[in-house]
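**Student:** The following comprises the amino acid sequence and a computationally predicted model.
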Amino acid sequence: MNFDFSDDQKLLQQTARDYLAANSPLSTCREILEGSQPYAASLWKGAAEMGWQGAVVPESFGGAGFGYLELAMIAYEVGRALAPIPFGPSVFVATEALLRHGSAAQQSAWLPKLANGSAIGTFALAEKPGQNAAEAIAATVKDGKLSGTKLPVADGDVANVAIVAAKEGGKTGLYLVDLAGAGIERKPLESFDPSRSQATIRFEGARCEPLAGADATAIARLLDRAAVLTAFEQIGGADRALEITREFIVGRYAFGKPIAANQAIKHRMADLWCEIEIARSNAYYAAWALANEDAELPVAACLARIAASEAFEKTTIEMIEFHGGVGYTWEYDCHLFYRRAKQLAGLLGTPKYWKNQLIDRLRSAKAA
Amino acid sequence: MNFDFSDDQKLLQQTARDYLAANSPLSTCREILEGSQPYAASLWKGAAEMGWQGAVVPESFGGAGFGYLELAMIAYEVGRALAPIPFGPSVFVATEALLRHGSAAQQSAWLPKLANGSAIGTFALAEKPGQNAAEAIAATVKDGKLSGTKLPVADGDVANVAIVAAKEGGKTGLYLVDLAGAGIERKPLESFDPSRSQATIRFEGARCEPLAGADATAIARLLDRAAVLTAFEQIGGADRALEITREFIVGRYAFGKPIAANQAIKHRMADLWCEIEIARSNAYYAAWALANEDAELPVAACLARIAASEAFEKTTIEMIEFHGGVGYTWEYDCHLFYRRAKQLAGLLGTPKYWKNQLIDRLRSAKAA
Amino acid sequence: MDFNDTPAEAAFRAEARAWLEKNAKPRSSMTPTISGEDLTAEVVKQSQAWQKKKAEAGWACITWPKEYGGRGATPIQNAIWGQEQANFETPPDIFSIGIGMCGPTILTHGTPDQKKRWIPKLVTGEEVWCQLFSEPSAGSDLAGLRTSAVKQGNEWVVNGQKIWTSGAQWCQWGILVVRTDPTVAKHAGLTFFVVDMRSPGIEIRPITQINRGQGFNEVFFTDVRIPDDQRIDAVGNGWAVSITTLMNERMSIGSGMGVGAIEDLVGFASQLEIEGRPALEDRQVRERIAEYIVKARGLKYTSLRTLSALSQGKTPGPEASMSKLVGGILQQHAASFAMELAGASSALLDETAPAAAAWQERYLSLPGLRIAGGTDEILRNIIAERVLGLPPDARADKGLAFKDVPTGPPKRG
Amino acid sequence: MDFNDTPAEAAFRAEARAWLEKNAKPRSSMTPTISGEDLTAEVVKQSQAWQKKKAEAGWACITWPKEYGGRGATPIQNAIWGQEQANFETPPDIFSIGIGMCGPTILTHGTPDQKKRWIPKLVTGEEVWCQLFSEPSAGSDLAGLRTSAVKQGNEWVVNGQKIWTSGAQWCQWGILVVRTDPTVAKHAGLTFFVVDMRSPGIEIRPITQINRGQGFNEVFFTDVRIPDDQRIDAVGNGWAVSITTLMNERMSIGSGMGVGAIEDLVGFASQLEIEGRPALEDRQVRERIAEYIVKARGLKYTSLRTLSALSQGKTPGPEASMSKLVGGILQQHAASFAMELAGASSALLDETAPAAAAWQERYLSLPGLRIAGGTDEILRNIIAERVLGLPPDARADKGLAFKDVPTGPPKRG
């Protein structure tokens, strides 16, 4: 029984942190937020050189062959840095989908590129505002051609390959689409968090290939895996937001003392710390389940995802409030966190979805 | 436009407060809580002499012929005093049911007794744990005979007359039952708030009379009216709990200063005050709608009931916490409020019911 | 208790409505904005024109004395006017600070000459006003401000920096509180002035907000000279004057919280689906929206209770603090919840999901509303101390001369 | 990261389970109770017998040194023992204070003679211990205690009153902190003793809790004499010793919060109906229960993380404060919610609704758990100051001699 990351994993984490401190300070996130580039291309390349995109891709496909615990540590650091790169959709979903459900040919075609960062992957599930059910998908596949509109698609403007949920003969499945092909129209959308891009993609008879065995259940499992890794990304962001806030309130004086000496602030900081610790513990458990392919994963993914989404959002709300007026300025970094928290909570199903799933899964676990 | 009680109404309220201060200090509630008497009989009698039970009963039936605004003020004071009497079930429900749906004979038989306190009325709806739907009632009426079990019935051990929800020919209605009749078995139940008694009543072919027009919709409207008055009772309790807490924290010193000087306590006291004010404003609006038979009543009743239930409960939870150790002793009065808050929230449908109703009613109001 | 208009009120309402119908277009929809949105010269002109039109017809500054251009009407009549005006399209209001805060302060603390000099042109909209209170190191602790004024002959020379000044670019006048004596306790050393915003030595720099708005500014003072006859109330009495302004500010922000929009959530949720079923059939959605509406309605009815109290001649209490405190948190939560309902589309700030985008705009505006005019924490202190009579916080700066109050972490080494 | 036992851990677990299977009955259900429930002489005897049996087999006080009767085992082994023992019916634990708080304090601060004198009989259950810290006017501000001890020859004479002493009637020994010097700052004037609870001059009066339990007592001291060799650590060093006790107390209460019961809500809700449909189909019910379970599981996994840290030789951090803080509020909310689900039956404390009644019992117990061993407010301060390194509260009693610290409202007139 040892409920902690190993020294090697922590070393990898420290390396990632050092790399991001040097190559992705918050000003990098801000450049993407304010500028016209959809993501930080040099950072994306650098990350690939560190082996991050291919963390769990086998070495035979050019990956680093690390495990999921290592990838969780990297996700955490990416989250801490608010790194403006298409990491989650490409690594946690598209790459995973290929690893789990890709044919040998599909894997050979795409995994090396995804692992070395020369291709960006994404996942296209949602079609309209609301909480879309996998069963209610309108996109259809017929004779190897995909038609339908996906909205929004994270990184849909820059991705090279998409894993698209669609129906064929009334059954939901996942399809691999090379976005360089014909019959594809993309339009970038204004993002709530402009440091991460969003697009709509319209498919009109676009060539696609099915992923084997990727039925509705498999999609749910894929979301579980991505949710665990995203939870680490969210907790990384929450930790950083709390640290920045802590530093600010200790240095900011009002009424002759640091504002951090006010119980109104201290106690809410303590509550935030508790929220984040609860999220961290749930995420650790989920990472263990993910790394061990444990039957607890479906439950653990819900726990991790719910706790991390809420901890990150709450922390960023208080972050602005405790900064006072300057927290509401564009110049300060609070809003980078405030935006990212919402962006990550909206990916992969909102907490509502996961809460409902948690009860279903606990019941079926108990019935089993 | 004048959104306040009149001077006359405030005078009546002050008279009620003075009477209760003299005749129902918290020690009266405690006597019933600790002793074997189901309610404070002399207080019940005194209240009747003040005209409270018959506040809205016409003078022709021996009532005081006040209006609902006056009754709301009395309810508020009854709540402030945690008066251990069967006031709400008898006055807000049973008397109201007779006023709205009783035949001339039924009214002549019971209203004078209910108004002068010589009879106690109650309302028997629930049959088992959970949130019972009016449609799911199992008690049945056939040939003027009622059969079924009601659980719990507030004051079911001491009431003389019950308004019972039951089905006849598949349709839900209300029935008047003289509890002195045959085929009735009552058993007191241990109450979470022993200052207010609870019972189960088993009817086996008990004689009953239908109340005219008391269908499911009429039952909902009856609950609305009772909810508004109960909201005043709840707000009375919340106000008193906050006042007692305020006095305690100002007088209690720790770390060389009153504990009330700690922001952790001050700010939560401020939040409680806001909760109660929100409840008060909603209750005022509902009282206006009740007194004016306004079409807004169904919506206003939901608003008042939800806000008052939550404000009272939250205040009592903090009341104990802010009192510290002594707040958790039997000797201090905090638990009297803690219990009463839950008892009143459980009557007439819990907040869950009212929240759901609020949305339904707002939608149909908008559609209308 | 009566929700309906008295005959006199109904007559007043009819008169107001008739005038509005003749002079403005009915409003289609309404979205709350944080005070100090981006303004253009064109918008300022429109706003001034509308104000002038109202003033000429006696509908500007309804409760102010007639001698200064007001109508001398009651708070209830003012509220009725507000309800009616809200049904019409009107230009963005650039007078909320002047009319809501500066005017009442001068009417309370100014000399008759000062009132005659400034109030009428404020009423007609000819002159626009701003507020110069907060400083980079004095936000919640406003009395810790450091901008100084030193008397030279019959003038005061001001140096320092103010921040969070809405609309400074468009203003003729500003109300200004500065330190005139750093050797006494902090509240005792302040004095209140009216400053001509076109004075030499004033520099205005806009601040970008997180929602990209640029309503606020930094204002720098370098040897700005203010004649002594623009001083409001006595030297050293600036704190008391500022309190009048702040009370009016909270009332103004609190009442403009736009909590009415909360009920739009019912409509918003009925347009969305959750896993294939209408969102409004989801009990959690229903209950959450119900909880928000209970609070929003409670605030609305509280403002009506306040109005009744005002009309009975009572002083407005801390209800304004409550309205801003509860309303701000409520709206931020509601906006967050609406975004959650939008699912993945919550990541869009885009015309593809217009209703969702409106809630997202609110989610980006609300943090500012929770800070402007007093943070939640300041408001809770006000309620705790002034309503509940709880003791003040322990004060590290108590009894210290201002210059001796700690202003930063102890230096190391 | 490994959730499973190592081979050595598995062997230890098997050994523990085998012994328990031979010596106890499997447990059917479990309900959390506030420490210090009503005890009878019979229950005390049973509890002592069970403790003796465990001690003889080496299962009592698993992490304590072997020379004093412990097993000298690791924290992980202790946790495994706890997990296994929880599956069996055991008598109410009257040693939680002695083993959880008194023993560790004496092991840390006592002399070798004191350890030899007290620890072995504590391990075997022959002697029961209690804690005498809080006073009517010193709860959260424990160091503000007023019970005094004055040295006379080789003895100390104690006068004053303690409160919230669990199980005082059944105890041989108590740990006691008293004021030995009121002329110095409050923390500096305290000294720590072990007192024989059968000493002349001790009077014990039970306190009834709001759940009608009588686990706590007031203890009055009138000229009670304590030999100086029962003093723990130096005169004036009582505060440091007390902190050891308190840290252990919070860990003990926090880990006993019974948050496992939260998952019972799933079963509870599946037995109830809401308006004719199963309560667990109601999305609000599902989401609310999910939120509670996320917190409860988070606390559970946090305790496993703590265990890993302990086994790596790290000092236990403030996780215990978090566990008690979050767990207490969580359980009170969950109990309130369960009562709401029970509808009108929430008013019953009765066998007609047994599952609901269990939640009601919790609703009556939880306020005590949120106060005992440090209120929520004290715990938040600990987390804020010790984990996050935020500055301490402004202190009104700072630098004052204890006798000069204000203890009540200023007298009028």
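**Tutor:** That came through fine. This is a predicted model, so every value here is computed, not measured. Residues are numbered from 1 along each chain as shown, chains lettered A, B, ... in the order given.
**Student:** which residues of the stretch 101-250 of chain A fall in helices?
**Tutor:** Here the stretch 101-250 of chain A has its helices, by DSSP state H, counting those that start in this stretch, at A:104-116, A:216-251.
**Student:** With the stretch 51-200 of chain C instead?
**Tutor:** Going by DSSP H, counting those that start in this stretch, the stretch 51-200 of chain C shows helices at C:75-85, C:96-97, C:103-109, C:112-123.
**Student:** among the ones you listed, which is nearest residue A:72?
**Tutor:** With CB to CB, the closest approach to residue A:72 among the helices of the stretch 51-200 of chain C belongs to helix C:96-97: 50.3 Å. Any C-beta I mention is one placed from the backbone N, CA and C, and that applies to glycine too.
**Student:** Now do the contacts for whichever residue of the stretch 251-368 of chain A sits closest to chain D.
**Tutor:** Nearest residue of the stretch 251-368 of chain A to chain D (CB to the nearest CB) works out as residue A:278 at 3.2 Å. Residues near residue A:278 by CB atoms under 8 Å, 6 or more residues apart in numbering or on different chains: A:307, A:311, D:294, D:295, D:298, D:299, D:302, D:326.
**Student:** run the last query once more with 7 Å
**Tutor:** A:307, D:295, D:298, D:299, D:326 (CB atoms under 7 Å, 6 or more residues apart in numbering or on different chains).
**Student:** In terms of helix, strand or coil, where does it fall?
**Tutor:** Here residue A:278 is helix, with the state taken from DSSP: H, G, I helix; E, B strand; the rest coil.
**Student:** The contacts of residue A:278 in helices, which ones?
**Tutor:** With DSSP state H as the criterion, helices contain A:307, D:295, D:298, D:299, D:326 from among these.
**Student:** Same list (these) but as TSV, adding distance to residue B:52 and pLDDT.
**Tutor:** Formatted as TSV, the ones in helices among the contacts of residue A:278 follow (distance: CB to CB, whole Å; pLDDT from 0 to 100):
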residue	distance to residue B:52	pLDDT
A:307	51	98
D:295	45	97
D:298	50	95
D:299	49	93
D:326	45	94
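**Student:** one step back: pull the number of nearby residues for the closest residue in space to the residue of the stretch 251-368 of chain A closest to chain D that isn't next to it in sequence.
**Tutor:** What sits nearest to residue A:278 in space, not counting adjacent residues and going by CB to CB, 6 or more residues apart in numbering or on different chains, is residue D:298, at 3.2 Å. Using other CB atoms under 10 Å in any protein chain shown, residue D:298 has 31 other residues around it.
**Student:** Over to the residue of the stretch 101-250 of chain C found nearest chain D: give its phi and psi.
**Tutor:** Closest residue of the stretch 101-250 of chain C to chain D, CB to the nearest CB: residue C:141 (14.2 Å). The phi and psi values for residue C:141, taken as degrees, to the nearest 10, are phi -90, psi 70.
**Student:** measure it to chain A for me?
**Tutor:** Counting by CB to the nearest CB, to the nearest Å, the gap from residue C:141 to chain A is 4 Å.
**Student:** okay but that residue is in contact with residue A:255, surely?
**Tutor:** Yes - judged on CB atoms under 7 Å, residue C:141 makes contact with residue A:255 at a distance of 4.9 Å.
**Student:** Kindly report the domain assignment for the chain.
**Tutor:** You didn't pick a chain, so chain A it is. A:7-116, A:121-214, A:217-367 (automatic domain parsing).
**Student:** right idea, wrong chain: chain C
**Tutor:** Taken from automatic domain parsing, chain C resolves into C:8-94, C:130-239, C:257-387.
**Student:** per-residue pLDDT, the residue of chain A positioned farthest from its centre?
**Tutor:** In chain A, the residue that sits farthest from the middle, by CA atoms, centre = their mean, is residue A:256; the gap is 42.4 Å. The model reports residue A:256 with a pLDDT of 90.
**Student:** do the same with the one 3 residues further on
**Tutor:** Note on residue A:259: pLDDT of 95.
**Student:** Closest one of the contacts of residue A:278 to chain C?
**Tutor:** residue A:307 (15.3 Å).
**Student:** What about the nearest residue to that closest one once chain neighbours are set aside, how many residues nearby?
**Tutor:** Computed as CB to CB, 6+ apart, the closest residue to residue A:307 that is not its neighbour in sequence is residue A:279, at 3.8 Å. By the measure other CB under 10 Å, the count of residues near residue A:279 is 29.
**Student:** likewise residue C:198?
**Tutor:** Neighbours of residue C:198 under the rule other CB under 10 Å: 9.
**Student:** that older thread, relative to chain B, which of the helices of the stretch 51-200 of chain C is closest?
**Tutor:** Comparing the helices of the stretch 51-200 of chain C under CB to the nearest CB, the one sitting nearest is helix C:75-85, at 5.9 Å.
**Student:** Now do the contacts for the residue in chain A that chain C sits nearest to.
**Tutor:** Chain C sits closest to residue A:256 of chain A, with a gap of 3.2 Å, by CB to the nearest CB. By CB under 7 Å, 6+ apart, the contact list for residue A:256 reads C:396, C:397, C:400, C:405, C:406.
**Student:** how much space is there between the third one and residue C:138?
**Tutor:** In this case it means residue C:400. As judged by CB to CB, to the nearest Å, residue C:400 and residue C:138 stand 15 Å apart.
**Student:** quick one, whichever strand or helix holds residue A:43 and helix A:104-116 angle?
**Tutor:** In the assignment (DSSP states H and E), residue A:43 maps to helix A:41-49. Helix A:41-49 runs at 120 degrees relative to helix A:104-116, counting by axes from the mean of the first three to the mean of the last three CA atoms, to 10 degrees.
**Student:** for stretch A:31-41, what is the average pLDDT?
**Tutor:** Summarised as a single mean, pLDDT over stretch A:31-41 is 97.
**Student:** Run the chain-centre distance for that stretch.
**Tutor:** From the chain centre to the centre of stretch A:31-41 is a distance of 18 Å (CA atoms, centre = their mean, to the nearest Å).
**Student:** Report the buried residues of it.
**Tutor:** By 16 or more other CB atoms under 10 Å in any protein chain shown, the buried positions in stretch A:31-41 come out as A:32, A:33, A:38, A:39, A:40.
**Student:** With distance to chain D and secondary structure added, can I get those residues in TSV?
**Tutor:** Converted to TSV, the buried residues of stretch A:31-41 look like this (distance: CB to the nearest CB, whole Å; DSSP: H, G, I helix; E, B strand; the rest coil):
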residue	distance to chain D	secondary structure
A:32	31	helix
A:33	28	helix
A:38	34	coil
A:39	31	coil
A:40	31	coil
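**Student:** Sort out which residues of stretch A:129-148 are buried, please.
**Tutor:** Using 16+ other CB under 10 Å as the test for burial, stretch A:129-148 gives A:129, A:130, A:131, A:132, A:134, A:136, A:137, A:139, A:141, A:146, A:147, A:148.
**Student:** restrict these to those near chain C?
**Tutor:** Contacts with chain C within the buried residues of stretch A:129-148, counted by CB under 7 Å from any CB of the partner chain: A:129, A:130, A:131, A:132, A:136.
**Student:** tell me the mean pLDDT over stretch A:286-294?
**Tutor:** Rounded mean pLDDT across stretch A:286-294 is 96.
**Student:** brain fart, stretch C:111-130
**Tutor:** 96.
**Student:** Now for the closest residue to residue C:273 other than its chain neighbours: which residues touch it?
**Tutor:** Closest residue to residue C:273 apart from its sequence neighbours, by CB to CB, 6+ apart: residue A:130 at 4.5 Å. By CB under 7 Å, 6+ apart, residue A:130 lies in contact with C:272, C:273, C:274, C:279, C:342, C:343.
**Student:** Those residues of the stretch 51-200 of chain C touching chain B, which are they?
**Tutor:** residue C:76.
**Student:** Could you pick out the longest strand of chain C?
**Tutor:** Counting by DSSP state E, the longest strand found in chain C is strand C:216-227.
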